[in-house]
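Student: fold the following.
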Amino acid sequence: MEIDNLTPAELRVWRAFPKGEAVDFRAGEDEDPVDGADWGSERTLRASVLRALLVSAPQEDGEVAALRVTGARVTGPLDLTHAVVDHPVRLAHCHFTDPPDLYGIQVRRLSLRGSALPALDLGSSRIDGVLQLAECRFRGRVQLSGAEISGALVLERTEFTARDAGEPALKLNQASINDDLQATELRAHGEVRLNGATINGSVHLNGALLTRPGELALDAQRLTVEGDLHMRRVRTQGWIGLRGARIAGRLDLSYAQLSNPGDAALRANSSTIGELWLRKGPPMQGTLSLRRAQIDDLFLEPEVVPEEVQFNKLVYTSLTPQEPADRRLPMLERDREGYVPHAYEQLTAAYRRIGDDRAARRVQLAKQRRHRATLAWYGRLWGHVQDATVGYGFHPLRACVWLVSLLAVGTVAYSLHHPPPLKADEAPHFNALFYTLDLLLPVISFGQEGAFAPQGWYQSLSYALVIAGWILATTVFAGVTRTVNRQ
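Tutor: Residues are numbered from 1 along each chain as shown. Below you'll find the predicted structure:
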């Protein structure tokens, strides 16, 4: 490009480039690039000039060339498709009239901090350093699918707005980031896609706002994060999808406000997570789905759990904070799949690992009662009998109480009215206590039951004691067998 064709603003940038000098067109630091359409020719740069500068501008020996421009209005499409740019590029607080097309670009460092752009295409690009997009405002799709960033990706306080309802606001599918993804206080009005992305550092989404009511707001299926995924104080309208994600560190949703009434608020099915923190926030407005997830440390406060959950085949090593069983059990009763035995077994195992056997027994008893509701009427009837007598084997002392009570009733009744002997000359001396024990205990015999024949209602009482004895013996045996099998 001939230098004679440049405007004064472009000439200023052209001359500063070989030495890497900064050019600042701003009248004040409080300017808003969104209003840059009204900026005049004194701060307007043609995109074609910037392209020629980056691709073929002469350099000076002993100097490090770089494009450092602040507060300019860039007109026309900046097309650097598959270009190889050996210089750092900074176009900060600029206003772009057309979306830059940087697909497949290779650049050392790129910063568009604070700029306003219609859209941006950086798909399959390679950034040998930091990609700085903090405080930018986009009014269309930002494409970063397949990008390779050797440094960090900075999206702090950046605002994304999807142009169409079916179009994502930000696409990072299959992107690879060798450092952190810094997106604190990010605002996305539309879908954010992180499918298959790999972040070797941590993801910082603290204070982010993700809005796509009734739809998928954050699609992070098969996301891999080698560090932590921080989402403290995040607010969502729509649901978060983490199916198949692998987060080596902590997924921190403390103080988060997740809202998607009538559907899932968080789906982390089949994910693998080091620590999951759901704490200090209001109850989720929507379903919490952790089916088939594997979590080392689940920090789950009962107050955060929504009205519906899905915990089938969820596996966790520890559950914190330590809460009484009565505080945890309502979570399992809200499962959309109804009775889920695996969820009760996981909760039981968590209590046993910390040595709280009483809470573990409480969970197992609740499991039996929940299972009873799924049985036919005769199964439910037998379940009620086991529950009332021995608490399904978890309260064996109840059998002793029933036995002592029935023994007292029988002893008093037969002491007041001795049943006549069947053979007076062969009958042993009548003992009301051992006669009642003979009726109650189906295995042991003291020689009393077969020697006497009660009559009238005393005969009915003897039948009742025999039946009660068999029921007690059967339920005790069932309860003991269940306890032994568990151990």
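
Student: where along the stretch 351-487 of the chain do the strands fall?
Tutor: Read by DSSP state E, counting those that start in this stretch, the stretch 351-487 of the chain holds no strands at all.

Student: any regions of it where pLDDT drops low?
Tutor: Residues of the stretch 351-487 of the chain that meet the criterion pLDDT under 70 lie in 382, 385-399, 424, 475-487.

Student: for this protein, what spans make up the helices?
Tutor: Using DSSP state H, the helices found in the chain span residues 8-16, 47-56, 325-332, 341-353, 357-372, 377-390, 397-416, 432-440, 457-486.

Student: what packs against the fourth one?
Tutor: This points to helix 341-353. strand 315-320, helix 325-332, helix 357-372 (3 or more CB pairs under 8 Å, 6 or more residues apart in numbering; DSSP states H and E). Bear in mind the C-beta positions are built from the backbone N, C-alpha and C, glycine included.

Student: quick check, distance from the longest one to the centre of its chain.
Tutor: Read that as helix 357-372. 26 Å (CA atoms, centre = their mean, to the nearest Å).

Student: and the shortest one, by the same measure?
Tutor: Remark: strand 315-320 is offset 13 Å from the chain centroid, using CA atoms, centre = their mean.

Student: relative to helix 325-332, how tilted is that strand?
Tutor: Comparing the axes of strand 315-320 and helix 325-332 via axes from the mean of the first three to the mean of the last three CA atoms, to 10 degrees yields an angle of 140 degrees.

Student: strand partners of strand 315-320, parallel vs antiparallel please.
Tutor: Paired strands of strand 315-320, with direction, are strand 294-300 (parallel) (DSSP bridges).

Student: buried set for the partner strand?
Tutor: Going by neighbour count (16 or more other CB atoms under 10 Å), the buried part of strand 294-300 is 294-295, 298-300.

Student: quick one: residues contacting the closest residue in space to residue 151 that isn't next to it in sequence.
Tutor: Distances taken as CB to CB, 6 or more residues apart in numbering place residue 130 nearest to residue 151, at 3.9 Å, with adjacent residues excluded. For residue 130, the contact set (CB atoms under 8 Å, 6 or more residues apart in numbering) comprises 109, 111, 149, 151-154, 179.

Student: now the buried members of the residues you listed.
Tutor: By 16+ other CB under 10 Å, the contacts of residue 130 give 109, 111, 149, 151-154, 179 as buried.

Student: about what we covered before: min pLDDT across the contacts of residue 130, which one?
Tutor: Minimum pLDDT for the contacts of residue 130 is recorded at residue 109 (92).

Student: export the buried ones among the contacts of residue 130 to CSV and append columns for distance to residue 168.
Tutor: Output for the buried ones among the contacts of residue 130, formatted as CSV (distance: CB to CB, whole Å):
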residue, distance to residue 168
109, 26
111, 23
149, 19
151, 24
152, 22
153, 16
154, 20
179, 23
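
Student: among the residues you listed, give me the pair with the biggest separation.
Tutor: 111 and 179 (15.1 Å; CB to CB).
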